[in-house]
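**Student:** Let's see this in three dimensions:
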Amino acid sequence: MIILSTILLCLEIFIARILDVSIGVIRTMELVKDNTFKAVILAFFEVLIWFLVAREALISNDINFLIAIFYSLGYATGTLFGAYLSKRFIKGSVGVQIITTKIKSKEINKIKKEGFGISSLDLNGKGKKMLIIEVDKKSLNKLLIRIKKLDNNAFITVSDTKYVSNGYVK
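**Tutor:** Alright, predicted model coming up:
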């Protein structure tokens with residue numbers, strides 16, 4: 001009976017940690033995106049779950065080493081699951097900067113016709129261009145595949161964008 005209660009406690013802790021850590025990851029992403037109200041609500045539930053689980057884990061008379069293992073596994077799994085959820089469900093845009101020597105105006109215009117808003121700057125007058133693109137996260141992979149086909153050696157940086165006003169974002 002003690003073994004069964006220990007296993008059930010370990011599973012309870014594991015699942016609760018997945019929940020509270022996933023909520024914490026999403027809360028952090030919402031805060032970065034300036035969605036303060038959502039972040040505050042998520043913070044309440046995150047800490048409530050954490051408190052109840054930590055209390056249960058600390059007052060248990062069961063095998064503490066197993067509880068610690070499942071507590072840690074829940075945390076790690078929650079981080080992974082929370083990252084997946086935030087990528088999948090949190091909307092947003094990213095800024096993409098590309099430095100290239102191979103992508104010419106003709107290809108830039110084709111990319112524009114595909115619906116991507118691009119600003120192009122000539123660098124150093126030696127055929128180098130910097131492309132600046134603001135794109136919805138869901139369209140990022142399509143854009144990167146397109147760019148890599150045109151110039152596999154292009155220098156590409158991608159940054160999360162906190163705020164966008166005016167302009168064009170696919």
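
**Student:** Please report the distance of the residue most central in space within the chain from residue 161.
**Tutor:** Residue closest to the average C-alpha location in the chain (Cα atoms, centre = their mean): residue 87, at 4.4 Å. Distance of residue 87 to residue 161, computed by Cβ to Cβ, to the nearest Å: 15 Å. C-betas here are computed from N, CA, C, even on glycine.

**Student:** what's near enough to touch residue 19?
**Tutor:** Residue 19 is in contact with 49, 78, counting by Cβ atoms under 8 Å, 6 or more residues apart in numbering.

**Student:** you'd agree it is in a strand?
**Tutor:** No: looking at residue 19 with DSSP: H, G, I helix; E, B strand; the rest coil, it is helix, so not inside a strand.

**Student:** Test for you: state the pLDDT assigned to the closest residue in space to the residue nearest to the centre of the chain that isn't next to it in sequence.
**Tutor:** Residue nearest to residue 87 in three dimensions, not counting chain neighbours: residue 137, with 7.6 Å by Cβ to Cβ, 6 or more residues apart in numbering. We have a pLDDT of 82 for residue 137.

**Student:** ok, residue 137 touching residue 93?
**Tutor:** Yes: using Cβ atoms under 8 Å, residue 137 makes contact with residue 93 at a distance of 6.5 Å.

**Student:** quick one: which of those two has more around it?
**Tutor:** residue 93 (20 against 16; other Cβ atoms under 10 Å).

**Student:** Can you pull out the low-pLDDT segments for this structure?
**Tutor:** Filtered on pLDDT under 70, the chain yields the residue ranges 1-2, 62-63, 165-170.

**Student:** Show residues contacting the host helix or strand of residue 50.
**Tutor:** Element membership of residue 50, judged by DSSP states H and E, is helix 36-59. Helix 36-59 has contacts (Cβ under 8 Å, 6+ apart) with 9, 12-13, 16-17, 19-20, 23-24, 26-28, 30-31, 67-68, 71.

**Student:** Residue 133 - that's part of a helix, no?
**Tutor:** No: going by three-state DSSP, the assignment for residue 133 is strand, not a helix.

**Student:** Would you map out the domains in the protein?
**Tutor:** Following automatic domain parsing, the chain resolves into domains at 2-89, 93-161.

**Student:** returning to that earlier point: can you give me phi and psi for the residue nearest to the centre of the chain?
**Tutor:** phi -70, psi -40 (degrees, to the nearest 10).

**Student:** Hmm, residue 148 is touching residue 154, no?
**Tutor:** Yes: between residue 148 and residue 154 there is a contact under Cβ under 8 Å: 7.3 Å.
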